[in-house]
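Structure of the sequence below:
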Amino acid sequence: MNFEFVGRRWNIVSFGEPAAGSPLVVVLAGGGVLTDVFMKRLSDESVPPLWLAAPSDVDWDRDYTPWPSDACGGRAFSGGADEFGKSVAALCEGTRRELCPGALYIVGYSLGGLAVMYFQTKMAFDGCGSCSGSAWYPGWINYLEQNPPKGKIYLSLGGKEKNTRDQLMATVADATERIRRICERSAESVFFRNEPGGHFRDPEGRLAHAISWLCG
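Got it, this is the predicted structure:
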């Protein structure tokens, strides 16, 4: 099913046979994340029936970044998460009305993992999953210290992700550990999973692990 909320298109699908009270999970990754491969990984994790929503098209450097930055090797992040968040909020309101889900969760990968934690500090999600989240983002730790998230928090990172030539991105392991400590002071529960490999290994599986823990 495709729907539009505040000018953005969303794909909403069912996993299993969800009913009123089943969770809704918003997935922030690439536009085509809700694939058969992803569904198979959810099945492998014995995830219960739920609703999944993902944006049909996304600009990672704009939609998933909380404020502008050009500190990453000249790569320009325009900081459009607040504008994109209007669509996320409208999506949640619309599905609450039409699908009557129970818990609302949000999970994301890479810059999407940064965005979900940002939205967790601003919206009424029951929990979030940041998978290989871009914890190195300039100013992020300071923001989170001032705006600690609540609810259930899932964090994961590949063991080799810190082994990058980019000096900023190489701080990701230390930054993720600092985030874990911040969340432990504010959140209902926090879980960290050390995944094998580098940043691009098995994103579907990492997202499935997060959803399984949140919905378990």
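
So in this protein, where's the weakest helix or strand by average pLDDT?
One helix or strand of the chain scores below all others by mean pLDDT, DSSP states H and E: strand 69-72, with a mean of 83.

what's in contact with it?
Residues from elsewhere that reach strand 69-72, judged by Cβ atoms under 8 Å, 6 or more residues apart in numbering: 76, 77, 79, 137, 138, 139, 166, 168, 169. (Glycine included, C-beta is placed from N, CA and C.)

now for those, which pair is the farthest apart?
Spanning the widest gap among the contacts of strand 69-72 are 79 and 166, at 19.5 Å by Cβ to Cβ.

who's more crowded, these two?
residue 79 (16 against 12; other Cβ atoms under 10 Å).

buried sites along the least confident helix or strand of the chain?
69, 72 (16 or more other Cβ atoms under 10 Å).

how about the strands in this structure?
2-5, 8-15, 24-28, 50-55, 69-72, 75-77, 104-109, 127-131, 152-158, 189-195 (DSSP state E).

So which residue is dead centre in this structure?
residue 108 (2.3 Å; Cα atoms, centre = their mean).

isn't it right next to residue 125, touching?
No: in terms of Cβ atoms under 8 Å, residue 108 does not count as a neighbour of residue 125; the distance is 11.5 Å.

As PDB, could you dump the C-alpha coordinates of the least confident helix or strand of the chain?
Extracted C-alpha coordinates of strand 69-72, given in PDB (Å, rounded to 0.1, in the frame of the first residue of the first chain):
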ATOM      1  CA  SER A  69      27.300  19.900   8.400                       C
ATOM      2  CA  ASP A  70      30.100  19.800   5.900                       C
ATOM      3  CA  ALA A  71      32.700  18.300   8.200                       C
ATOM      4  CA  CYS A  72      32.900  14.900   6.600                       C
END
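
Sheet partners, orientation included, of it?
Partners of strand 69-72 in the sheet, by DSSP bridges, are strand 75-77 (antiparallel).

residues in contact with the partner strand?
Contacts for strand 75-77 (Cβ under 8 Å, 6+ apart): 61, 62, 65, 68, 69, 70, 137.

do stretch 89-98 as well
Outside stretch 89-98, the residues that reach it (Cβ under 8 Å, 6+ apart) are 3, 5, 6, 10, 12, 24, 26, 51, 53, 101, 104, 123.

and stretch 101-114, how far from the chain's centre?
Centroid separation between stretch 101-114 and its chain, computed with Cα atoms, centre = their mean, to the nearest Å, is 3 Å.

Render the CA-only coordinates of it in PDB, please.
Taking C-alpha atoms only, stretch 101-114 is exported to PDB below (Å, rounded to 0.1, in the frame of the first residue of the first chain):
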ATOM      1  CA  PRO A 101      -1.500  -0.500  15.800                       C
ATOM      2  CA  GLY A 102      -0.300  -1.000  19.400                       C
ATOM      3  CA  ALA A 103       3.300   0.000  20.000                       C
ATOM      4  CA  LEU A 104       5.100   2.400  17.700                       C
ATOM      5  CA  TYR A 105       8.700   1.700  16.900                       C
ATOM      6  CA  ILE A 106      11.200   3.300  14.600                       C
ATOM      7  CA  VAL A 107      14.400   1.600  13.300                       C
ATOM      8  CA  GLY A 108      17.100   2.800  10.800                       C
ATOM      9  CA  TYR A 109      20.400   2.100   9.300                       C
ATOM     10  CA  SER A 110      23.500   4.300   8.900                       C
ATOM     11  CA  LEU A 111      22.300   7.900   8.700                       C
ATOM     12  CA  GLY A 112      18.800   6.400   9.100                       C
ATOM     13  CA  GLY A 113      20.100   5.100  12.500                       C
ATOM     14  CA  LEU A 114      21.000   8.600  13.400                       C
END
